[in-house]
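Q: heads up, no residue letters with this:
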């Protein structure tokens, strides 16, 4: 049995999928094959919020999985819409890595050191809002492109000599903000000038986590596969699943779902287990950074149901504090 693993074809996606594939192969003892899937997010241009949010990166992968073109699909978990996908299951959430956002600035500058009017690039409304809240004097520039392309717009960063050049846009920014997890996976942490702690910038729900999706038990199976081969794959996926990561992202995604906030909404959320408690902190920001609602809660209900209830509870607290009006959310 060769397990076919669906992935986007970007450098980051291929790197994190290959790492996951290697782990699955090591645990399951079966060969693996990467299947490259082109998504709308790789083709379309413009702000993500105008293309349906970061869900545009996963739709084609999910379709390929349902069409039996691959056996599992690997996503950045923060890209997954919170709604259920009919016929698919979140089979594994490997152990989460660094959840923080990072500043990659010219001359090694930190956020507090950037000059007034400095241009900071990000394609995330969440990051933009929290940047404006921390430094209202900055000019936030909406950017797209892969990690190397974004880093290439900041002069003097390590490794930029080999970056893709964007005509008319090269080296026009003072800094960009990216996820530490992505830079770590492609060995570009040398570009980081500052790690932005959660008290400055709460991450996106699911940031730092991967999601491995598979077809549910009643979905069509690979032609010619046997119960035994399916069981081997199921056991390998279960071995990669990290319970604490699953609890944390379940709470974060439940909060997003209750807020009816898409993946690209100006909402930050971070859950983590400490001892016998699961903690969750979240913020909803106005896009201009001039207003926000922030709070936190904890629970000793260390089950997926308990994590879901925690996310819903904190969402209700934020809504009671005016979150829907601040960020123009759909929830009420």
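A: It's in. Everything numeric in this text was worked out from a predicted model, so none of it was measured. Numbering: from 1, shown residues only.

Q: contacts only, for residue 306.
A: Residue 306 makes contact with 247, 278, 299-300 under the criterion CB atoms under 8 Å, 6 or more residues apart in numbering. (Each C-beta comes from the backbone N, C-alpha and C, glycine too.)

Q: my bad, should have said residue 290
A: 132-133, 136.

Q: only the buried subset of the contacts of residue 306, as a PyMOL command please.
A: The PyMOL command for the buried members of these (criterion: 16 or more other CB atoms under 10 Å) is given here:
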select buried, resi 247+278+299
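
Q: just the ones of the contacts of residue 306 in strands?
A: 278, 299 (DSSP state E).

Q: quick check, nearest of the contacts of residue 306 to residue 189?
A: Taking CB to CB as the measure, residue 189 lies nearest residue 247 of those, at 27.1 Å.

Q: tell me the spacing between the nearest residue to the closest one once chain neighbours are set aside and residue 265.
A: Closest residue to residue 247 apart from its sequence neighbours, by CB to CB, 6 or more residues apart in numbering: residue 307 at 4.7 Å. Look at residue 307 and residue 265: by CB to CB, to the nearest Å, they are 20 Å apart.

Q: do residue 22 as well
A: The gap separating residue 22 from residue 265 is 34 Å, by CB to CB.

Q: who has more neighbours out of those two?
A: In this view residue 22 and residue 265 are compared by other CB atoms under 10 Å, and residue 265 has more residues nearby, 25 against 11.

Q: residue 324 is in contact with that one, correct?
A: No - look at residue 265 against residue 324 with CB atoms under 8 Å: they stay out of range, at 11.1 Å.

Q: please identify every residue contacting each of the two.
A: Residues touching both residue 265 and residue 324 (CB under 8 Å, 6+ apart) are residue 259.

Q: residue ranges with poor pLDDT in the stretch 1-150 of the chain?
A: In the predicted model, the stretch 1-150 of the chain carries pLDDT under 70 at residues 39-56.
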